[in-house]
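Peer 1: Quick one, structure for this:
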Amino acid sequence: MSIPALIDRSLSFYMLEKIQQSHVGINRKKFDDLFIKDFVKKYNMIDVRLTEQLTSGTIFIENDCVKLTIKGQMIADFSNNFRRHWLPAERLIINNYVKGRRELSNEELINRYKCE
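Peer 2: Numbers count the residues shown, from 1 in each chain. Next comes the predicted model:
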């Protein structure tokens with residue numbers, strides 16, 4: 001991965017730059033707005049990432065439904081297995097260890113977003 005791509009995709013770099021730009025710090029309670037309203041919406045991050053995945057051949061869009069290609073399925077399988085077997089089961093998040101980092105599966109949640 002190249003440095004420009006790493007910086008373009010990194011929420012961590014974005015966060016550090018925004019704190020620096022504020023000159024005084026950013027209110028912790030406003031971080032959700034900073035990322036959701038500014039980073040994701042202002043910089044059109046969803047369409048940017050969809051374009052990257054279309055170009056790389058990992059997804060295709062059919063009748064407004066985003067689907068995985070065989071290549072995309074293989075990469076998602078790798079990512080899922082890596083997450084389950086190599087990432088720590090607990091993660092330190094603001095002075096607390098939180099379980100569940102390994103699993104992204106949540107059928108109830110994803111069912112709200114499935115194509116009809």
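
Peer 1: Quick check: which ranges of this structure have low pLDDT?
Peer 2: Along the chain, the model assigns pLDDT under 70 to residues 1-2, 5-7, 100-106, 108.

Peer 1: What count of nearby residues applies to Gln53?
Peer 2: Using other CB atoms under 10 Å, Gln53 has 19 neighbouring residues. C-beta here means a position set from N, CA and C on the backbone, and glycine is covered the same way.

Peer 1: Distance check, Glu62 against Leu68.
Peer 2: Computed as CB to CB, to the nearest Å, the Glu62 to Leu68 distance reads 11 Å.

Peer 1: between these two, who's got more neighbours?
Peer 2: Neighbours per residue (other CB under 10 Å) separate Glu62 from Leu68, with Leu68 holding more: 15 against 8.

Peer 1: what's the more buried one in contact with, if anything?
Peer 2: Counting by CB atoms under 8 Å, 6 or more residues apart in numbering, Leu68 touches Thr58, Ile59, Ala76.

Peer 1: at 10 Å what do you get?
Peer 2: For Leu68, the contacting residues are Gln53, Thr58, Ile59, Phe60, Met74, Ile75, Ala76, Asp77, by CB atoms under 10 Å, 6 or more residues apart in numbering.

Peer 1: Redo those as CSV? Include secondary structure and distance to Ile94.
Peer 2: Compiled in CSV, the contacts of Leu68 are given as follows (DSSP: H, G, I helix; E, B strand; the rest coil; distance: CB to CB, whole Å):
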residue, secondary structure, distance to Ile94
Gln53, helix, 31
Thr58, coil, 33
Ile59, strand, 34
Phe60, strand, 39
Met74, helix, 35
Ile75, helix, 31
Ala76, helix, 29
Asp77, helix, 32
